[in-house]
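[1] predicted structure and sequence below. I'll ask about it afterward.
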Amino acid sequence: VASAQVPAQAQPPLSAVPGKYNGYADLPNQVYRRTVRKGFALNIIVVGETGTGKSTFINSLFSSDIYDGKDSPGISNRIGQTIQVEKTRVTLVEKGVQVRLTIVDVPGFGHYVDNSNTWESVVAYIDKRYHEYLEREMSIKRDLEGYSDDRIHCCLYFIAPNGHGLRPLDIQAMKALGTKVNVIPVIGRADTLTSDECKEFKEKIRRELKDNGIKLYDFPAENENDVEDEEHDSKRNGRHKDGEDGKKTPVNSLIPFSVIGSSTFVDTRDGRKARGRKYPWGTVEIDNPDHCDFVVLRRLLLRVHLSDLMDVTNDVHYENYRVEYFGKLGGRNAIEQRSPLSQLETEKKDSEVRINKMKNEMQTIFDQKVREKIKKLEDTEKDLEKKYANWDKEWEAQRKKLEQDRTDYELMKKQLGEIYPQLYSILQDELLRSTNQ
Ligand code: GDP
């Protein structure tokens, strides 16, 4: 049991320290200011065997009693007939940034004789939140601004401090959850292990996690600003950084985080009041990094990696869900095997092929239309030529006919001119004769 007394240690700060950098300082200024104004909404699901100290941890995280009457030893009084979830919402202010924290607790997990389906219901719960978001995204009134995003950004998986290692249920559950959400393993009630036992247990768990290919949230390297922030807090708390030589302990080497939960204040040997647990041989303080990783984990979750947790949820886990969902709809199950980046690449190639195909089709249609138009024009020209040719022939025929008529007329006139005197004298003689008679 970690019973060492440590220098004065204050409560983790919940209020703003203006003008200091923190994990959100990575964001470009404008986005940063807007985000600070609007705040963050972080949703955490807490999963693990009953009695591993989850609800006490949650109360400690919020610095208040969210679950009343929970300090009775043994099994939580929230256990029901079936696995169900309990949601708790609290708004915290971390370094001037509002964090609307929602904790989803899964009481009764691993409590039954047959636990084969317990993690499936957690996975189903996470999927349901993705689906709700997807439906919202696809709805005609795509009002995501005011929409409360219930997607789970992080899963704190509580491992029992048994000193033996992971149970088969833990392995199965974390394997399944790791593909769905940012999983962060945590050893609950870590004060039941001595510091050496805790160190050994952590190493054992790390090995088992690796051997079983369990996917965990990969903490990105902290930048200068975060280090500065950490230094500031350490100095303020009158304590050095994690390592004895003053060097910061890499976050990934702390995994699984050892946490102790308590909402009560105890008197330390040096006369301070600190949140912790009192034992006949001494006290353990939950906010003391020499005793457990509670403050480090709290800082990483609520300050440093909050934005990254949300980004990974949106860009990787939600995207995987979306592709898998549409893949299933379209019977394209193969797509679920691929990484989001390769899926994006394929989608890009697919759309390029589609665009090229459309271009070719449009070109073919255009060429065809042009050919049809040219043919129509040629046909019209031929028709006109034919028509003009016919008109020429008709005109020539009419001209010839007129010519003939004129010739006939001339002939007739000539003939008439020749026979006219003879007819005249005949008529005259005839007239004389009739007069004489
Ligand atoms: P849950 O069922 O996982 O939510 O666990 P609870 O938070 O209800 O804790 C179960 C029991 O363990 C309660 O009696 C708590 O007082 C006790 N407990 C919780 N956290 C700690 C801890 O960090 N150390 C020790 N020693 N006991 C703890």
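    Nice, thanks for sending it over. Numbering: from 1, shown residues only.
[2] alpha carbons only for contacts and neighbour counts from here, please
    Fine.
[3] where in the protein is pLDDT low?
    Within the chain, the ranges that satisfy pLDDT under 70 run 1-37, 63-86, 94-95, 107-117, 140-147, 222-249, 330-343, 345.
[4] in it, which residue is most central in space?
    residue 314 (3.4 Å; C-alpha atoms, centre = their mean).
[5] roughly how far does it sit from the ligand?
    Residue 314 is 28 Å from the ligand, where distance means C-alpha to the nearest ligand atom, to the nearest Å.
[6] isn't there a helix covering that residue?
    Yes: under DSSP: H, G, I helix; E, B strand; the rest coil, residue 314 falls within a helix.
[7] residue contacts, residue 259?
    57, 186, 187, 188, 189, 190, 191, 286, 292, 293, 294 (C-alpha atoms under 8 Å, 6 or more residues apart in numbering).
[8] among those residues, which two are most distant?
    186 and 286 (14.1 Å; C-alpha to C-alpha).
[9] what about the two, which has more around it?
    Each of residue 186 and residue 286 has its neighbours counted (other C-alpha atoms under 10 Å); residue 186 has more, 29 against 26.
[10] next, the contact list for the more buried one, please.
    156, 157, 158, 159, 255, 256, 257, 258, 259.
[11] where does it sit: helix, strand or coil?
    Three-state assignment for residue 186 (three-state DSSP): strand.
[12] that one and the ligand, how far apart?
    11 Å.
[13] cool, and residue 167?
    16 Å.
[14] could you tell me how many residues sit around that residue?
    12.
[15] same question, residue 187
    Count around residue 187 with other C-alpha under 10 Å applied: 29.
[16] for the residue of the stretch 201-350 of the chain found nearest the ligand, which non-adjacent residue is closest in space?
    The ligand sits closest to residue 260 of the stretch 201-350 of the chain, with a gap of 3.3 Å, by C-alpha to the nearest ligand atom. In this structure, residue 260 finds its nearest non-sequential neighbour in residue 189, 5.0 Å apart by C-alpha to C-alpha, 6 or more residues apart in numbering.
[17] was I right about that neighbour contacting residue 276?
    No: look at residue 189 against residue 276 with C-alpha atoms under 8 Å: they stay out of range, at 11.5 Å.
[18] between the two, which contacts overlap?
    The contact lists of residue 189 and residue 276 share 260, 261, where a contact means C-alpha under 8 Å, 6+ apart.
[19] hey, where'd the helices end up in this structure?
    For the chain, applying DSSP state H gives helices covering 29-38, 54-62, 118-138, 168-178, 195-211, 224-236, 294-299, 306-312, 319-329, 340-436.
[20] can you say which of those is nearest to residue 266?
    helix 54-62 (13.9 Å).
[21] picking that back up, ok, now which ones touch the residue of the stretch 201-350 of the chain closest to the ligand?
    53, 57, 188, 189, 190, 191, 276, 285, 286, 292, 294.
[22] hang on, isn't the fifth one packed against residue 286?
    What that stands for is residue 190. No: judged on C-alpha under 8 Å, residue 190 makes no contact with residue 286 at a distance of 9.9 Å.
[23] what is in contact with those two at once?
    Listed as contacting both residue 190 and residue 286 by C-alpha under 8 Å, 6+ apart are 259, 260, 292.
[24] surely the last one and residue 298 touch.
    It refers to residue 292. No: contact criterion C-alpha under 8 Å: residue 292 and residue 298 do not qualify, at 11.5 Å.
[25] in terms of neighbours, single out the busier of these two.
    residue 292 (25 against 16).
[26] can you give me phi and psi for that one?
    phi -160, psi 180 (degrees, to the nearest 10).
[27] what about it, distance to residue 48?
    19 Å (C-alpha to C-alpha, to the nearest Å).
[28] go on, residue 130?
    Residue 130 is 22 Å from residue 48, by C-alpha to C-alpha.
[29] more neighbours: which of these two?
    A direct count of neighbours by other C-alpha under 10 Å for residue 130 and residue 48 places residue 48 higher, at 30 against 24.
[30] the helices of the chain: which one's closest to residue 270?
    helix 224-236 (18.2 Å).
[31] out of the contacts of residue 259, who's nearest residue 91?
    residue 57 (16.8 Å).
[32] please name the nearest non-neighbouring residue to the closest one.
    residue 261 (4.5 Å).
[33] and residue 99, how many residues sit next to it?
    Count around residue 99 with other C-alpha under 10 Å applied: 21.
[34] next one: it from residue 54, what distance?
    20 Å.
[35] kindly report the same for residue 219.
    Counting by C-alpha to C-alpha, the gap from residue 219 to residue 54 is 22 Å.
[36] which of these two has more neighbours?
    Using other C-alpha under 10 Å, the more surrounded residue of residue 219 and residue 54 is residue 54, with 29 against 17.
[37] contact partners for that one?
    Residue 54 neighbours (C-alpha under 8 Å, 6+ apart): 46, 47, 48, 105, 158, 188.
[38] circling back: among the shared contacts of residue 190 and residue 286, which one sits closest to residue 415?
    Looking across those and measuring by C-alpha to C-alpha, the closest to residue 415 is residue 259, at 142.5 Å.
[39] phi and psi next, for the closest one.
    According to degrees, to the nearest 10, residue 259 has phi -130, psi 150.
[40] do the one 10 residues further on as well
    Summarising the backbone geometry of residue 269 under the convention degrees, to the nearest 10, its torsions are phi -60, psi -30.
[41] residues from the stretch 101-250 of the chain in reach of the ligand?
    The stretch 101-250 of the chain comes close to the ligand at residues 189, 190, 191, 192, as judged by C-alpha under 6 Å from any ligand atom.
[42] buried among the residues you listed? Make that a PyMOL selection.
    Buried residues within these, by 16 or more other C-alpha atoms under 10 Å, are selected in PyMOL with:
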select buried, resi 189+190+191
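[43] which ones among the residues of the stretch 101-250 of the chain next to the ligand map onto strands?
    With strands taken from DSSP state E, there is no overlap with these.
[44] much appreciated, bye for now.
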